[in-house]
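Participant: Predicted structure and sequence below. I'll ask about it afterward.
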Amino acid sequence: MLEYRNLVKKFGERTILKGINLKINQGEIVFILGTSGTGKSVLLKNTVGLLKPDAGEIWIDGEEVAGFSEFEFLKIRKKCGMVFQHPALFDSLTIYENIAFGLRKHFSLSESEISSRVNRALKLVNIHDINDKRPAEISYGMQKRVSLARTVALEPKVLLFDEPTTGLDPVTTNAINELIKDLSRTLKTTSLVVSHDMPCALSIADRIVVFDQGQIVDQGTPQELLNSKVKLVQEFLAEAKEMLDHDSNVIRGTTS
Amino acid sequence: MTTIYRDVYSFLELVKKTVMSLFLKPLRVKETFQQLYFVANGSLWIIVFCVCFAAVVTILESSFHMKLVIQNDSMVPGFASLLILRELGAVVTALLLTSRVGAGIAAEVGSMKVTEQIDALRMLGIDPIQFLLIPRLIATTLGCMILCVVANLICIFAAMIISDQVLGYTPSMFLTAMNRFVQFRDLIFSVVKAMFFGMTIPMISCFFGFRCKSGADGVGSATTQSVVFASISIIFLDFILSYTFSYFY
Amino acid sequence: MKAIFFFFDDFGSSIIFLKDILKTMIFRPCSRRLVFEQIWQVTIQSLPTTAMAGFFVGAIMTVQFAMQVSEFGALPYLGGLATSGTIREIGPLLIAFMLSGKVGAYTSAELGTMRVTEQIDAIRCLGADPIQEIILPRFIGIIISSFFLLTIGLIMSVVGGVILGYFFSGINPEEYVRHIPTILAWPSLLSGLIKCLTFAVVLATICTYKGYFTTGGAKGVGRSVVSTAVTTMMSIVVADWGTSFVGEIIINMCKDYFL
C-alpha cells in the first residue's frame, strides 16, 4: 500500500532523513516513535507532497509519487488524508464549511451528499450540534477532533497522523486513540501515526517503527519491541511501563 | 468607548510606571548600549539608503514647483534643504525606525510574553519595565536623535549632488542658497522632534508587547498594532511640533 | 557580503512568487466573492487610520509651505503649491508608509499565522491551491483597496490643507481651493495616482510573499511582520524615486510629442 525506498531529505546542509526503507500493508496501524526533531513529521509531509524528497522513491498504491507535480499530487491527496499537529482549521469558515471544504474541492458532489458526508464524519468523531460555530469558539480538543473529521470526510485509503495527541489532556488523548483504532477497523484504512506516546502505541499499533537521527533503528510488533535491545526503545519502554503501572486499563488494552 | 478609555488609561499607567522606574531604579548600562548599537548602527544603512532616494525626489519635485510658480528654480536648494531639515529628515527617520526597531521590540517583547518569560522575570523579582523597557526607551531616544542628524546631513549632501548633476547648481551655489534660508535652530528643532519620536516608538511597542495575547496570531497582531499606532502618533506629533515650532521662526 | 546574497535571493524569489500569482490570476482565477470580501475587509479596517494620516500630512505640508511661501510673497499660491506638493510627492509616500504598517503588517501576520498553524498545508492536502485560494484574493484585494485608500488619503490631505490654511495663515477656504487648479495640472494628478498604484502593487507583493514563507512558530510570525514593514518601506522609497524618474521622462516625451 505505502512504501518508502531509500528516502533522503535535506534542509540546506542538514540531512533530516537518511535513507528510509519502510513498507506498510493495507489495513495496518503503524506507529512511528522517536524523539523530537528526528524527521518523523518530515516523512509524512513527503508522503503527501508538501515537501519534496531529495532522493529515493515513495510508492503509494502501486504508483511512484516522488517526482509528481503539485497537480498530480491532488489525486494522491484524495487517497492519503493527513491530520496535522495543529488543528489547522480555517478561522474564517464555520465548522461545517471547514469539513465541506475538502469535499467541495476534491469531488463534485451535490449539496445534500456533502451535507450527509459531513454529518457522518462528525458522528464518527462523536461531535454534535456545532455545525455553525467558528473554530475559535470551541475547545482545543474539539478542534483536534474536527480536524480529524475533516480528513476522514474525504474517506481516504491511508490516514497520516502527525502527533494527534500532543498537548491534550489524558481523557481526550484516550478518546482520540480509540478513534484512530475504530476508524481503522471500521473504514479499513491504513494508518501511519507519528507520536511520542509509547503506551498508546503499545495498545493500538499493529507495528511500531522507532526513528532516531533520521534512520529507522528498530521495528516490529508491540510484543517484539518489548524485548528490544536498542537503547532508545528501552528508554521509551521504561517510561511507558511507569505509566502502565498506574493505569491498569491500558495494560488490558495491550493484551487484548 | 469604554475599551478605548481603558486602553488609554493603561497606556498612561505604563508611562507613569516607566517614568518612576526611570528615576528610581538603576539603569542597565550594558544592555542600554547594546540596544543603542542595535538601533543606531543596525538601522544606519537602511536610513541612509532611503533618505538618499527621498532627497532626489525632493529636489526634482521642488524644481518642478518652482518653475511653475516663479518661472525659475534658483531657490530650489534653499527651499529643498529647508523642507529636508524641518520635515523629511526627522519624519522619515522616525517612520523607518518604527518599522525596524518598533516592530522588532513589539515582536520580541510579545514573544517573551507568549512564552511566559515576562512572568518568569516577575517571579525572579525583576521589574519587566526596568529590565526591558527602560534600556530600549533610552537607546531608541538617543539613537533616533543621532540618526536624525546623520539623516539630515546625508539627505542634504545627496540633494547637493543631485542639484549639481541635474539642475546644474554647483555645491558652492547650493551652500550659498542654503545659507540664506537655513539657520542652526532648524537642525535643533529637527533633533527635538526626533527625541519625541524616539520616546514614542518604544513606549507604544512595549505597551502592545506587554499585552500580547497567546499564540502565533497574538504576536502578529501586537506587532501590527504597534507599527500602526506608532506611525499615526508620529504623524500626529509631527503636526503638533511643526505647528508649535512655527511660532519660533 | 552575505547580506547582498541574501538580498538578491529574497528579491529573486519574490519576483518568482509574483510570477506564480500572476500565472494563477490568468489561468485559474479565484472566485470574485473572495476578492470583494478582501477589499471590504481591508478598506473598512484601514479607512479611519488612512484618512487621519492623510489629514495630518496635508496639515503639516500646509504649515511648512505657508512659512516658506510667505517669504517669497506668494501666499495666495499656497493652496496650489501645498496641494500639488502633497499629491505629487509627500502624500503618497507618507500614506503608503502608514499603509505598509496597517495593511502590509496585518496581512503578513495573518498569512504567517496560517503558515505556522499548518493551515496552508491543510489547504493543499484538501485539494485546493493556496495561491489561488488565499494569496490571490488578498493580492488583488490589497491592490484595489490600497489604491482606493491612498486616494482617500490624498483627498483628506486637501481637506487638512484647507483647514490649516484657514487657521494658520488666514487664507479663506474658497481662495485656497480656487488656486489648486492653477498649479495642480492633470499630469501631476496622474503622477500621484500612478504612484499610488505602484505602491499598492509593491505593498501587496511584499506582504503576501513575506507572510506566505514564514517559518518558526510565534517568533517567526513576529520576525516576518518586522521584515515586511522594513522591506515595504524601503521598496516604497525606491519605487517613489522610480516613478518620479520614469514619470519625468514620460512627461518630457509627451511634451515633445504634443508641442
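Facilitator: Sure, I can see it. Residues are numbered from 1 along each chain as shown, chains lettered A, B, ... in the order given.

Participant: Over to residue A:9: give its phi and psi.
Facilitator: Reported as degrees, to the nearest 10, the phi and psi values for residue A:9 are phi -140, psi 130.

Participant: Any idea how many residues pack against the closest residue to it other than its chain neighbours?
Facilitator: Nearest non-adjacent residue to residue A:9, counting by CB to CB, 6 or more residues apart in numbering or on different chains: residue A:17, 4.2 Å away. The C-beta positions use only the backbone N, C-alpha and C, and glycine is treated the same way. When counting by other CB atoms under 10 Å in any protein chain shown, one arrives at 25 neighbours for residue A:17.

Participant: Quick check: residue A:17 vs residue A:109, distance?
Facilitator: 37 Å (CB to CB, to the nearest Å).

Participant: Grab the most central residue of chain A for me.
Facilitator: Geometric centre of chain A, nearest residue: residue A:161, 1.3 Å, by CA atoms, centre = their mean.

Participant: Could you list the residues in contact with the helix or strand hosting that residue?
Facilitator: Element membership for residue A:161 (DSSP states H and E) is strand A:158-162. Defining contact as CB atoms under 8 Å, 6 or more residues apart in numbering or on different chains, one finds that strand A:158-162 is touched by A:1-2, A:40-41, A:44, A:47-48, A:60, A:79-85, A:151-152, A:180, A:183-184, A:189-195.

Participant: partner strands of it, parallel or antiparallel?
Facilitator: Using DSSP bridges, the strands paired with strand A:158-162 are strand A:80-83 (parallel), strand A:190-195 (parallel).

Participant: any chance of those strands in a markdown table, with mean neighbour count, mean pLDDT and distance to residue B:135 too?
Facilitator: Below are those laid out as a markdown table (neighbours: other CB atoms under 10 Å in any protein chain shown; pLDDT from 0 to 100; distance: least, CB to CB, whole Å):
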| stretch | mean neighbour count | mean pLDDT | distance to residue B:135 |
| --- | --- | --- | --- |
| strand A:80-83 | 26 | 87 | 45 |
| strand A:190-195 | 24 | 88 | 43 |
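
Participant: In contact with residue 191, which residues?
Facilitator: In the absence of a named chain, this looks at chain A. A:28, A:29, A:30, A:158, A:159, A:160, A:161, A:180, A:183, A:184.

Participant: other chain: chain C
Facilitator: Contacts of residue C:191 (CB under 8 Å, 6+ apart): C:88, C:243, C:244, C:247, C:251.

Participant: Go through these and single out the one with the most neighbours.
Facilitator: Using other CB under 10 Å as the neighbour criterion, residue C:88 leads the contacts of residue C:191 with 25 neighbours.

Participant: these two touch, right, that residue and residue C:186?
Facilitator: No. Using CB atoms under 8 Å as the test, residue C:88 is too far from residue C:186 to be in contact (12.0 Å).

Participant: just the helices in the stretch 51-200 of chain C please.
Facilitator: Along the stretch 51-200 of chain C, the segments classed as helices by DSSP state H, counting those that start in this stretch run C:78-85, C:91-99, C:105-116, C:119-125, C:130, C:136-169, C:173-178, C:180-183, C:186-212.

Participant: And chain B, by the same measure?
Facilitator: B:2-24, B:29-36, B:42-70, B:76-83, B:89-97, B:103-114, B:117-123, B:128, B:134-162, B:171-181, B:184-210, B:216-245 (DSSP state H).

Participant: Relative to chain A, which of these is closest?
Facilitator: Smallest distance to chain A across the helices of chain B (CB to the nearest CB): 8.4 Å, for helix B:216-245.

Participant: Run through the neighbouring helices and strands of the closest one.
Facilitator: If you count contacts as 3 or more CB pairs under 8 Å, 6 or more residues apart in numbering or on different chains; DSSP states H and E, helix B:216-245 packs onto helix B:89-97, helix B:103-114, helix B:184-210, helix C:32-72, helix C:91-99, helix C:105-116, helix C:217-258.

Participant: for these, which one sits closest to residue B:248?
Facilitator: When the helices and strands packed on helix B:216-245 are compared by CB to CB, helix B:184-210 sits nearest residue B:248, at 7.3 Å.

Participant: for the closest one, what is the average pLDDT?
Facilitator: What helix B:184-210 shows for mean pLDDT is 93.

Participant: got any ranges where the stretch 101-250 of chain A has weak pLDDT?
Facilitator: For the stretch 101-250 of chain A, the stretches with pLDDT under 70 are A:243-250.

Participant: OK, now which residue of chain C is nearest to chain A?
Facilitator: Per CB to the nearest CB, residue C:126 is where chain C lies closest to chain A, at 3.4 Å.

Participant: Can you give me the neighbour number for that residue?
Facilitator: Residues contacting residue C:126 under the criterion other CB under 10 Å number 26.

Participant: Give me the distance between the residue lying closest to it once chain neighbours are set aside and residue A:117.
Facilitator: Nearest residue to residue C:126 in three dimensions, chain neighbours excluded: residue A:102, at 3.4 Å (CB to CB, 6+ apart). Distance, residue A:102 to residue A:117, by CB to CB: 10 Å.

Participant: These two: who's more crowded?
Facilitator: Shown here are residue A:102 and residue A:117; by other CB under 10 Å, residue A:102 has more neighbours (23 against 19).

Participant: Specify the residue positioned farthest from the middle of chain B.
Facilitator: The centre of chain B is farthest from one residue, residue B:71, which by CA atoms, centre = their mean lies 36.1 Å away.

Participant: the strands in the stretch 151-256 of chain A, which residues?
Facilitator: Per DSSP state E, counting those that start in this stretch, the stretch 151-256 of chain A carries strands over the ranges A:158-162, A:190-195, A:207-212, A:215-220.

Participant: Would you mind giving the helices of the stretch 51-200 of chain C as a markdown table with mean pLDDT added?
Facilitator: Output for the helices of the stretch 51-200 of chain C, formatted as a markdown table (pLDDT from 0 to 100):
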| stretch | mean pLDDT |
| --- | --- |
| helix C:78-85 | 82 |
| helix C:91-99 | 86 |
| helix C:105-116 | 90 |
| helix C:119-125 | 88 |
| helix C:130 | 88 |
| helix C:136-169 | 90 |
| helix C:173-178 | 84 |
| helix C:180-183 | 80 |
| helix C:186-212 | 88 |
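
Participant: looking at the ones you listed, which is closest to residue B:125?
Facilitator: Among the helices of the stretch 51-200 of chain C, helix C:105-116 comes nearest to residue B:125, with 33.4 Å by CB to CB.

Participant: tell me the angle of the closest one relative to helix C:186-212?
Facilitator: Relative orientation of helix C:105-116 and helix C:186-212, computed by axes from the mean of the first three to the mean of the last three CA atoms, to 10 degrees: 20 degrees.

Participant: for helix C:105-116, the distance to its chain's centre please.
Facilitator: Mean-position distance between helix C:105-116 and its chain equals 19 Å (CA atoms, centre = their mean, to the nearest Å).

Participant: can you tell if that helix touches chain B?
Facilitator: Yes. Residues of helix C:105-116 contacting chain B under CB under 8 Å from any CB of the partner chain: C:105, C:106, C:108, C:109, C:110, C:112, C:113, C:116.

Participant: List the contacts of that helix.
Facilitator: By CB under 8 Å, 6+ apart, helix C:105-116 touches B:103, B:215-217, B:219-221, B:223-224, B:227-228, C:45, C:119-120, C:134-135, C:138, C:142, C:207-208, C:210-218, C:220-221, C:224-225, C:228-229.

Participant: before we move on, back to that, wait, is the residue nearest to residue C:126 part of a strand?
Facilitator: No. Applying DSSP: H, G, I helix; E, B strand; the rest coil, one finds residue A:102 to be helix, outside a strand.

Participant: Can you lay out the strands of the stretch 151-256 of chain A as TSV showing distance to residue B:239?
Facilitator: TSV is the format used below for the strands of the stretch 151-256 of chain A (distance: least, CB to CB, whole Å):
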stretch	distance to residue B:239
strand A:158-162	52
strand A:190-195	57
strand A:207-212	61
strand A:215-220	64
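
Participant: Fine by me, thanks again.
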